[in-house]
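Peer 1: got a sequence here, can you model it:
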Amino acid sequence: MHAVVVPAYGDSSVLEYRELPDPEPGPGEVLVDVAASGVNFIDVYHRMGRYPRPLPLIPGEEAAGTVTAVGPGVADVVPGDRVAWAQWTGSYATKAVVPADKVIRLPEGLAPDLAAAVMLQGLTAHYLTHSTYAVRPGDDVLVHAAAGGMGLLLTQILKMRGARVIGTVSTPEKEKLARQAGADEVLGYDGFAEGVKRITGSGVHVVYDGVGAATFEGSLASLRPRGMLALYGAASGPVPPFDPQRLNPAGSLFLTRPTLGHYIATREELVSRADDVLGWVASGALKVLVSERYPLAEAGRAHDDLEGRRTTGKLLLIP
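Peer 2: Numbers count the residues shown, from 1 in each chain. Predicted structure coming up:
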């Protein structure tokens, strides 16, 4: 097999494309021929050491492909099944061993590249909009980076739930994409909090912020009293230390830093969310924009494009 390996923390130049022995599934595991792997900011954080992992590391938290072998004790998955997964490291490879209870069978007719493109971000968008803050019809919502892979999914799911969506983008081209996904209003980043208050009067019910340091203060200022800031990522860097007393005079605000693992902690919850998301994609109700496909060996270029904010939609690695 071939895989991308992080031998030491650093910039994209540390990524190495290597030939490795073929893995074998152990008890409760399945072996998958990978058709496509998703590229996410968490992969960058693992490569940099922001979220330390034992090295050497094969990064990658989501992929899809075909099961070729199963380990002892696996009864619900068989060779030939088309599956996808999220939140299991090791997806930047031509073959991957994954716990059987982490994989989800693909709906009939759903292409594996679309499944790989939507698993991590789609499950994240689902828990953010259904559980972290359960969006109701008529709610005002601010989505940062509305033309990115996460932003486009969030916007579409929010419109399904009846929200008015305000998105932030950095270019006119990205504004067009955000509006095509359903954003009702689109703002640039400069002075976006003032724009939100101008549009809504009192502020939004919830902000979904995956940008972090660069948007944090404006996100807080965009909330109405008792509004929630769901800080689910830090693409621009981590937020500096913060005094929670500030939430009081600002309107008894809520601040949460959720993570996917806590929202798919049981098999039942994983399956429920994945069935929704993959079902929406299979039916065409949820559109997935795959903007770039890179050969697996060019994972470094994909990371550079993602970090440089030169992309829209989803990036995939193709073995």
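Peer 1: now do the SS call for the residue most central in space within the chain.
Peer 2: Centroid check for the chain by CA atoms, centre = their mean gives Q121 as the closest residue, at 2.7 Å. Look at Q121: counting by DSSP: H, G, I helix; E, B strand; the rest coil, its state is helix.
Peer 1: distance of it from M150?
Peer 2: According to CB to CB, to the nearest Å, Q121 and M150 sit 5 Å apart. Where C-beta positions appear, they are placed from N, C-alpha and C, glycine not excepted.
Peer 1: likewise for Y133?
Peer 2: For Y133, the distance to M150 - CB to CB - is 15 Å.
Peer 1: now S236
Peer 2: Distance, S236 to M150, by CB to CB: 14 Å.
Peer 1: got it, and L223?
Peer 2: 20 Å.
Peer 1: for the host helix or strand of E269, packing partners?
Peer 2: Assigned by DSSP states H and E, E269 belongs to helix 267-283. The elements that helix 267-283 packs onto, with contact taken as 3 or more CB pairs under 8 Å, 6 or more residues apart in numbering; DSSP states H and E, are strand 104-105, helix 112-127.
Peer 1: so of the ones you listed, which one's packed in deepest?
Peer 2: Highest mean neighbour count among the helices and strands packed on helix 267-283 (mean count of other CB atoms under 10 Å): helix 112-127, with a mean of 26.
Peer 1: quick check: can you name the pairing partners of the following helix or strand past that one and their directions?
Peer 2: Per DSSP H and E, the first helix or strand lying C-terminal to helix 112-127 is strand 140-143. Strands adjacent to strand 140-143 in the sheet, as given by DSSP bridges, are strand 164-168 (parallel), strand 204-209 (parallel).
Peer 1: quick one: average confidence on the first one?
Peer 2: Going back to what we said before, that points to strand 164-168. Strand 164-168 shows an average pLDDT of 98 in the prediction.
Peer 1: can you give me the buried ones in the lengthiest strand in the chain?
Peer 2: Counting by DSSP state E, the longest strand found in the chain is strand 29-39. Buried residues in strand 29-39, counting neighbours by 16 or more other CB atoms under 10 Å, are found at 29-32, 34-39.
Peer 1: equivalent analysis for stretch 126-134, please.
Peer 2: 126-130, 132-133.
Peer 1: pLDDT and distance to R246 added to those residues, as TSV?
Peer 2: Putting those into TSV (pLDDT from 0 to 100; distance: CB to CB, whole Å) gives the following:
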residue	pLDDT	distance to R246
H126	98	30
Y127	98	26
L128	98	23
T129	98	26
H130	98	28
T132	98	21
Y133	98	20
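Peer 1: can you list the residues you listed in CSV and add distance to D81?
Peer 2: Shown next, in CSV, are those (distance: CB to CB, whole Å):
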residue, distance to D81
H126, 23
Y127, 25
L128, 29
T129, 29
H130, 27
T132, 31
Y133, 35
